[in-house]
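Peer 1: what follows is a predicted structure for the sequence shown.
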Amino acid sequence: MLLLCILILAAYANTFHASWHFDDKPNILNNTQLHIQNLRPETLAATLYSNPKNPYEPAKKMFRPVACLTFALNWFFGQDDVFGYRVVNVTLHILTTLFLYLFVKALYCTPGLAKVSQGERQLVPILAIALWAVNPIHTQAVTYVVQRMAVLGALFYVLGLLLYLKGRTGGKPAARIAGYAGCLVCYVLALGSKENTLLMPLVIILLEFAFFQDLRKKSTHYLMILVVSAAIIVLLLAGALMFLKGDPSAIFKAYDFRPFSLTERLLTEMRVLVYYLSKIFYPIPSRLSIEHDIVLSTSLVHPWTTLPAAIFLLSWFVVGAGLLSRRPLIGFSLLFFGVNHLIESTIIPLELIFEHRNYLPSLLVFTPVAIGLAWLLDRSGDTGHAMRPILYGFMILLVIGFASGTFIRNRDWATEASIWQDASVKAPGSARPLAYLAWDLAYGENANPGNFDNALKLYGLALQGSMPKWGMKADILTKMAGIHSKKGDFATAVERLEEALVLNPDNAKARYDLAINFLQMGRWEEASRAADRLLSGKVHEGYLNLKAFILIRQGNFGEAVPYLERSLSLVPQFQTTLLYLGTAFNLSGNHAKAEQFLKKAHNAPPLSPLPMVCLVDNGLRAGNMDQAIYYAESLIGLFDTEVIRKSLALYRHNNLVPPMMLTDISRIINERL
């Protein structure tokens, strides 16, 4: 086990300083509810309700609370330094490997495996787990930070199974109760990490019948079928209550946002599962990708591989069930893979394929392989047989080969650009890799004006690719509009946004950006109508602030205040709201109140010159030159001279900052400088 831990560390040694990726941003970097500053119980409890869809609004129910708590603790100790997150991910993977090894060892102490050879008992736990632990397909679960959810779910899942065995085989009543209680706690923690662990009780039932009951008796056989059927019904009903708010029809409504139907998904997933198995057993890095081009199956014969895949999977389940009585570990391992794919690979309208979904289902997939190799070793007889060193050499090379493949695959995860460049080659018909490469050039670490044209070209190519979800085309057009806005071409930006809204009238981001571009063009009425349309839906502090700012720009200062007060009630200490309130009072002549709110805006994060510049403006409009000079000197003390001058130049030609007496402000600042 020590050697295996070293091998895992070697395989993941080049990942500790890799960048953030894809869903890491909304789930961790932009999820302000996880950005805790203390370890008080109420602070930690709040992280259990983090809401990645709206970081300013706590979720109404827990969202993968165990995983979110670990992300929050990571943030407390290291903020956005990715190193700490990756250390935790690899450590959790090592722990999962350890518990999996102990679980398989414990299985060999059950009545169902009492008669197996000593060679199999010694070889299978370490070989099967080694092949799983360093398999390159798991890079998407271990290296991809946010998929800690999948790793944590598997860790508590396998620990729960181990504790069930400890309880089942324990001698003293206290030990048995502790084992069962620990199993129940682990089930709750696994569910709190990721919902694909829901069927763990079903797997425990299969484990009980396979390793502790005599399935050669017909009565036991029929009892297992009855209990398994009842468990499936109960678990699915419980899952519907827990995750669908008691409304199973929500699953089918969600298909409205996918480019496939329920039937097409079920047919396609059969091919996907076979594809997963091919990747697990032949995981060369050139076959692994964060994105895949998947042709939808519209019938059992289109494409023609659908029917063979269905036959293969049916055979997989039938053989697994048939072997439960004669070779329980092989049968259990086959069924384990299939059962644990039922949540993510059947009716729930998730995206069709992601490699990290195999982390849990593949836990035991190499045990039949290891059993076969153990059988060959037993058949080869004494230690002098020529076959034995060949078999041992093959096993060692296989493990080292998998570990090398993991190390090589992890190079693709080095940066956001590298993983999507890799995906664009392996999935050339998919829109997402091109869209993310374009995003990196226009909005990411590599963003600069020199890359804008290349980003627009990539977005144009992405529009011609296949979209994983409905609405993505409108999102791409919205991102293109953002680039045109950055270039100062507001008219073209408006055209792209209007195209996006034709495709998806409910795209709030596109409508918000449309209002912003109208503001930049000085088209106040059109901006106001766009803001009204936003507020006719969900009330959001950003929409309220937008409407208030438009009213300020139109000279309706008093009308803006109620919108801002409502916004402040939703998110207290929001800098933008405080700034606009100060501006509204300043322009309406209430300078004392304006100073109060502008000072609050200055003290609210992030640190920016704008609130202090507005305080200088407030002093000038109040006729209080001493006050204006005081804040001008405060501004100079806080910010570098070049930053101040660039900011003033930017404000002069920007309709998105409050109206200010910039000529007089610049004169006072220059005098103080």
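Peer 2: Right, received. Where do you want to start? Numbering: from 1, shown residues only.

Peer 1: surely Thr406 touches Tyr12?
Peer 2: Yes. Counting by Cβ atoms under 8 Å, Thr406 does reach Tyr12; the two are 7.0 Å apart. The C-beta positions use only the backbone N, C-alpha and C, and glycine is treated the same way.

Peer 1: in terms of neighbours, single out the busier of those two.
Peer 2: Remark: of Thr406 and Tyr12, Thr406 carries more neighbours, 28 against 25, as counted by other Cβ atoms under 10 Å.

Peer 1: and that one, which of the three is it?
Peer 2: helix (DSSP: H, G, I helix; E, B strand; the rest coil).

Peer 1: residues in contact with it?
Peer 2: Ala11, Tyr12, Val134, Asn135, Pro136, His138, Thr139 (Cβ atoms under 8 Å, 6 or more residues apart in numbering).

Peer 1: how about low-confidence regions in the stretch 201-350 of the chain?
Peer 2: Residue ranges of the stretch 201-350 of the chain with pLDDT under 70: 240-248.

Peer 1: cutoff 80 now
Peer 2: Applying pLDDT under 80 to the stretch 201-350 of the chain picks out residues 215-216, 218, 221, 235-252.

Peer 1: buried set for stretch 299-306?
Peer 2: Neighbour counts over stretch 299-306 (16 or more other Cβ atoms under 10 Å) mark Thr305, Thr306 as buried.

Peer 1: contact partners of that stretch?
Peer 2: Residues from elsewhere that reach stretch 299-306, judged by Cβ under 8 Å, 6+ apart: Leu267, Thr268, Met270, Arg271, Val295, Ser297, Leu307, Ala310.

Peer 1: and what of stretch 309-321?
Peer 2: So stretch 309-321 is in contact with 270-271, 273-274, 300, 330-335, 337-338, going by Cβ under 8 Å, 6+ apart.

Peer 1: buried residues, it. List them.
Peer 2: Quick answer for stretch 309-321 (16+ other Cβ under 10 Å): Ala309, Ala310, Leu313, Trp316, Gly320, Ala321.

Peer 1: equivalent analysis for stretch 29-41, please.
Peer 2: Going by 16+ other Cβ under 10 Å, stretch 29-41 has these buried residues: Leu29, Asn31, Gln33, Leu34, His35, Ile36.

Peer 1: closest one of these to Asp626?
Peer 2: If you rank the buried residues of stretch 29-41 by distance to Asp626 using Cβ to Cβ, His35 comes first, at 39.2 Å.

Peer 1: which ones are touching that closest one?
Peer 2: Listed by Cβ under 8 Å, 6+ apart, the contact set of His35 reads Ala72, Trp75, Gln79.

Peer 1: please redo it, this time with the cut-off set to 6 Å
Peer 2: By Cβ atoms under 6 Å, 6 or more residues apart in numbering, the residues touching His35 are Trp75.

Peer 1: neighbour-wise, which of the contacts of Thr406 leads?
Peer 2: Counting neighbours by other Cβ under 10 Å, His138 comes out on top of these with 31 neighbours.

Peer 1: not counting residues beside it along the chain, what's closest to that residue?
Peer 2: Leaving aside its sequence neighbours, His138 sits nearest to Tyr359 (Cβ to Cβ, 6 or more residues apart in numbering; 5.8 Å).

Peer 1: tell me how many other residues crowd the nearest residue in space to Tyr12 that is not next to it in sequence.
Peer 2: The spatially closest residue to Tyr12, leaving aside those adjacent along the chain, is Val90, at 5.0 Å (Cβ to Cβ, 6+ apart). Val90: 21 surrounding residues under other Cβ under 10 Å.
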